[in-house]
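>>> Kindly generate the corresponding structure for this input.
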Amino acid sequence: MFEILVDADKVHDEKGNRLTDIVVTFRIRFPEGEDGDKARELLPDAVRKSHDRLCTVSRTVELGTPIADRIE
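Numbering: from 1, shown residues only. I've put the predicted structure just below:
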């Protein structure tokens with residue numbers, strides 16, 4: 001099983017509509033045995049690397065990248 005859930009709170013305040021408290025939950029089941037044990041051991045590091053430097057969306061949201069509007 002491999003499932004990723006994303007939860008957040010939608011707020012509306014003086015800054016407008018936005019999401020806060022975003023949580024990404026990984027639900028992953030590996031088979032029993034040596035191969036499953038190895039995969040379970042590697043998973044936390046893979047998730048950390050994804051969050052810290054590989055996931056373009058996470059990095060963009062956390063860094064607060066400005067968005068420009070253009071009408072052509």
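>>> longest helix of the chain?
When the chain is parsed with DSSP state H, its longest helix is helix 34-49.
>>> can you tell me the helix or strand for the closest residue to Val11 other than its chain neighbours?
In this structure, Val11 finds its nearest non-sequential neighbour in Thr20, 5.6 Å apart by CB to CB, 6 or more residues apart in numbering. Heads up, the C-betas are built off the backbone N, CA and C, glycines and all. Using DSSP states H and E, Thr20 falls within strand 16-28.
>>> Now do that strand: everything it contacts.
When contacts are defined by CB atoms under 8 Å, 6 or more residues apart in numbering, strand 16-28 is touched by residues 1-11, 43, 47, 51, 58, 61.
>>> If we use 10 Å, what do you get?
Applying CB atoms under 10 Å, 6 or more residues apart in numbering, the external contacts of strand 16-28 come out as 1-13, 39-40, 43-44, 46-47, 50-51, 55, 58, 61-62.
>>> Out of the residues you listed, which sit inside helices?
Ala39, Arg40, Leu43, Pro44, Ala46, Val47, Ser58, Val61, Glu62.
>>> what bridges to the residue minimising distance to the centre of the chain?
The chain has Val24 as the residue nearest its centroid, 4.7 Å off, counting by CA atoms, centre = their mean. For Val24, the beta-bridge partners under DSSP bridges are Val6.
>>> Just give the number of residues close to Ser58.
If you count neighbours by other CB atoms under 10 Å, Ser58 ends up with 15.
>>> That one against Thr65, yeah?
No. At 11.6 Å, Ser58 does not count as touching Thr65 under the criterion of CB atoms under 10 Å.
>>> re the thing from before, dump the ones in helices among the contacts of strand 16-28 to CSV, plus distance to Asp69.
Below are those laid out as CSV (distance: CB to CB, whole Å):
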residue, distance to Asp69
Ala39, 44
Arg40, 45
Leu43, 39
Pro44, 39
Ala46, 36
Val47, 34
Ser58, 23
Val61, 18
Glu62, 22
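>>> Please pick the buried ones from these.
Listed as buried from the ones in helices among the contacts of strand 16-28 is no entry at all; burial here means 16 or more other CB atoms under 10 Å.
>>> Could you save these as TSV and add columns showing distance to Ile71 and pLDDT?
Shown next, in TSV, are the ones in helices among the contacts of strand 16-28 (distance: CB to CB, whole Å; pLDDT from 0 to 100):
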residue	distance to Ile71	pLDDT
Ala39	48	95
Arg40	50	95
Leu43	45	94
Pro44	45	94
Ala46	41	93
Val47	39	92
Ser58	29	87
Val61	25	88
Glu62	29	89
